[in-house]
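[1] With the sequence up front, the predicted model follows.
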Amino acid sequence: MSLKIIRPGLMTTLQDAGRYGYQKMGIITSGAMDMYSLRMANILVGNDEYEAALEITLRGPTIEFTSDTLIAITGGDLCPVLDGQKVQTLRPVAVKAGAILKFTSCKVGARAYLAIAGGYDVPKVMGSKSTYLRAGIGGVCGRALQKGDLLSTNEPSEYGQQMMINLLSRGAHSYAHAKWYISKVHTSQENLRKPIRVMAGLQYDEFCEKAKYDFCATDYLITTQSDRMGYRLSGAKLELNHPLEMISEVASLGTIQVPPDGNPIILMADHQTTAGYPVIGQVAAVDVARIAQLKPGDRIYFKLISNEEAERLYIEMEKCISNLKIAVAGKL
């Protein structure tokens, strides 16, 4: 099975869970910006939940399916249509050969994920299919998709194969979708407006009291200098009690560091392996996916929570995903 890229969109890359075990050598992790949506898309088509999917940013591609295929689209609402008909997201969709998928506009969120039953047949680089553009590795020749690319797929799992047969047996001109679906856990307008929960960073106490107050009492604008490496924010300047000389420390997904200009930067999927700016906060793992669905021009604000609360929220999320896997498997 395969699919052909007619138009590539603004930025469409293959991303999986990331490239782990190589940061000590300066190789970044990469991976999906919105890991929750990646996992949901794969679960819906019967893949391993960390299999690679297309990460589609703001303006999506146009894709022709060259064979019958089971897909799932999760994440932000980029208004997908198949042969002119609106596609239902957050559920399995069986697509017939020759159908053309388009993403017409970015309505809610910033990134959508397109998973294919069986996964995309591309080689792994250091254990991952994730695309790292700056190094030119992973994905399709280490780059974003281009017009004319032909992506092959692996054989679907028994679940994926049977789900496609069940859906297409109902009769469909271009596609057929499941009547059931998963909920919008973090990509609804209401959820995207909620504060981002953070824990105090390693240098939190080095910031002056006004900075600590402003960090959670005011909102910040996501600037146009934001990308997969980090979200640069503009707002109340966060100042230290006194100048701080630091030795570079390990950098993590969701770390909020503050350079000398006082405007915070949230480190994202393509973050560097080490960083030397003071860290005022660390985004709770459950909220990184919500940040990934915000775009330049959106506003963001923070809420300080304890490490214990962040751990509890993470455990709740993982329990939810485990229950969802059981529920989806029972839909055959």
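    Received it, and whenever you're ready, just let me know what you need. Numbers count the residues shown, from 1 in each chain.

[2] Can you pull the poorly scored residue ranges out of the protein?
    Along the chain, the model assigns pLDDT under 70 to residues 1.

[3] Can you give me the domain assignment for it?
    Domain assignment for the chain by automatic domain parsing gives 2-185, 194-319.

[4] Would you check the distance separating the first one from the middle of the chain?
    When you say that, I think you mean domain 2-185. 11 Å (C-alpha atoms, centre = their mean, to the nearest Å).

[5] now do stretch 272-284
    Between the centre of stretch 272-284 and the centre of its host chain there is 20 Å, according to C-alpha atoms, centre = their mean.

[6] again with stretch 176-187
    When C-alpha coordinates are averaged (C-alpha atoms, centre = their mean), stretch 176-187 and its chain have centres 17 Å apart.

[7] what comes up buried for it?
    Buried positions in stretch 176-187, judged by neighbour count with 16 or more other C-beta atoms under 10 Å: Ala176, His177, Ala178, Ile182, Lys184, Val185, His186, Thr187. To be clear about C-beta, it is placed using only N, CA and C from the backbone, and glycine gets the same treatment.

[8] before we move on, what about stretch 166-178?
    Buried residues in stretch 166-178, counted by 16+ other C-beta under 10 Å: Asn166, Leu167, Leu168, Ala172, Ser174, Tyr175, Ala176, His177, Ala178.

[9] Span of it from start to end?
    Here the two ends of stretch 166-178 are set 9 Å apart, with distance taken as C-alpha to C-alpha, to the nearest Å.

[10] Same check on stretch 291-309?
    Start-to-end span of stretch 291-309 (C-alpha to C-alpha) is 19 Å.

[11] Report the buried residues of that stretch.
    Buried positions in stretch 291-309, judged by neighbour count with 16+ other C-beta under 10 Å: Ile291, Ala292, Gln293, Leu294, Lys295, Asp298, Ile300, Phe302, Ile305.

[12] Then stretch 274-284?
    Under the neighbour-count criterion of 16+ other C-beta under 10 Å, stretch 274-284 has Ala275, Tyr277, Pro278, Val279, Ile280, Gly281, Gln282, Val283, Ala284 buried.

[13] go on, stretch 23-34?
    Of the residues in stretch 23-34, Gln23, Ile27, Ile28, Thr29, Ser30, Gly31, Ala32, Met33, Asp34 count as buried by neighbour count, 16+ other C-beta under 10 Å.

[14] roughly how far apart are the closest residue to the last one other than its chain neighbours and Cys216?
    It stands for Asp34. Leaving out its chain neighbours, the residue that sits closest to Asp34 by C-beta to C-beta, 6 or more residues apart in numbering is Ala292, at 4.0 Å. Relative to Cys216, Ala292 is positioned 21 Å away (criterion: C-beta to C-beta, to the nearest Å).
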